[in-house]
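Participant: using only what follows, build the 3D model:
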Amino acid sequence: KAAAKKPFFLYLALTAPHTPIAPSKEWRGKSDLGDYGDFVMQVDGTVGEVLAALDQAGIASNTLVIATSDNGCSPAAGVTSLEKQGHFPSAQFRGYKSDIWDGGHRLPFIARWPGKVKAGTTSDALICLGDLMATCAELVDAKLPDHAGEDSVSILPALLDASKPVRENIVSHSINGRFAIR
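Facilitator: Numbers count the residues shown, from 1 in each chain. From the prediction side, this is the model:
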């Protein structure tokens, strides 16, 4: 418990559900969507374990947890097969990982911070993962050097009030060199 009173930063980069798609033995066959579905369930289970550990340690109310991904679903997941089974990993959006379209750049972003981020809310705020740099700096009251994170915007206002916009546009880049502005 004494260690729980000290501030900490944990960056937990799960390899799942990235390629290679390899769910552990414990998770194989858990979904009806094959290895990829099982791998996604494994990620959900792992995040659940982290949240439970924070709860058990009594520090959940003072801990911001962000669960997100780097891109949309990889075609290596067998997208055609998933869609034939009624699962659309990009929802209604066009494209997948590495594409310039929304399916390649829209991704899950879930925040839990009891008492700060209102449970069950959604936001239409336009953000990008690069914004986490300015957000973390604001959270710890640190000033970034002039040439660090020039494009990073703190999303703290949107986390605390889902109706608050934080930026007007984002420039995206695809694997084949195409750019888009949103």
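Participant: how far away is residue 32 from residue 87?
Facilitator: As judged by C-beta to C-beta, to the nearest Å, residue 32 and residue 87 stand 9 Å apart. From N, CA and C alone the C-beta is placed, and that goes for glycine too.
Participant: so where's the protein uncertain?
Facilitator: Applying pLDDT under 70 to the chain flags residues 1-5.
Participant: quick one, helices of it?
Facilitator: Remark: helices assigned in the chain by DSSP state H are 34-57, 79-84, 102-105, 131-139, 156-160.
Participant: which of those is buried the deepest?
Facilitator: Of all the helices of the chain, helix 102-105 has the most neighbours on average by mean count of other C-beta atoms under 10 Å, namely a mean of 21.
Participant: what sits up against it?
Facilitator: Helix 102-105 is contacted from outside by 71-73, 89-91, 93-99, 172, 174, using C-beta atoms under 8 Å, 6 or more residues apart in numbering.
Participant: and residue 125, which of the helices of the chain is closest to it?
Facilitator: helix 156-160 (3.9 Å; C-beta to C-beta).
Participant: now for that closest one, which elements pack on it?
Facilitator: Helix 156-160 is packed against helix 131-139, with contacts defined by 3 or more C-beta pairs under 8 Å, 6 or more residues apart in numbering; DSSP states H and E.
Participant: and residue 90, how far from residue 28?
Facilitator: Counting by C-beta to C-beta, the gap from residue 90 to residue 28 is 25 Å.
Participant: looking at those two, which has the bigger crowd around it?
Facilitator: residue 90 (20 against 14; other C-beta atoms under 10 Å).
Participant: sorry, back to before: in strands only, show me the contacts of helix 102-105.
Facilitator: Residues of the contacts of helix 102-105 located in strands (DSSP state E): residue 172.
Participant: relative to residue 127, which of the contacts of helix 102-105 is nearest.
Facilitator: residue 172 (12.5 Å).
Participant: show the contacting residues for the residue nearest the centre of the chain.
Facilitator: Residue closest to the mean C-alpha point of the chain, counted by C-alpha atoms, centre = their mean, is residue 68 at 0.9 Å. By C-beta under 8 Å, 6+ apart, the contact set of residue 68 is 107-110, 129.
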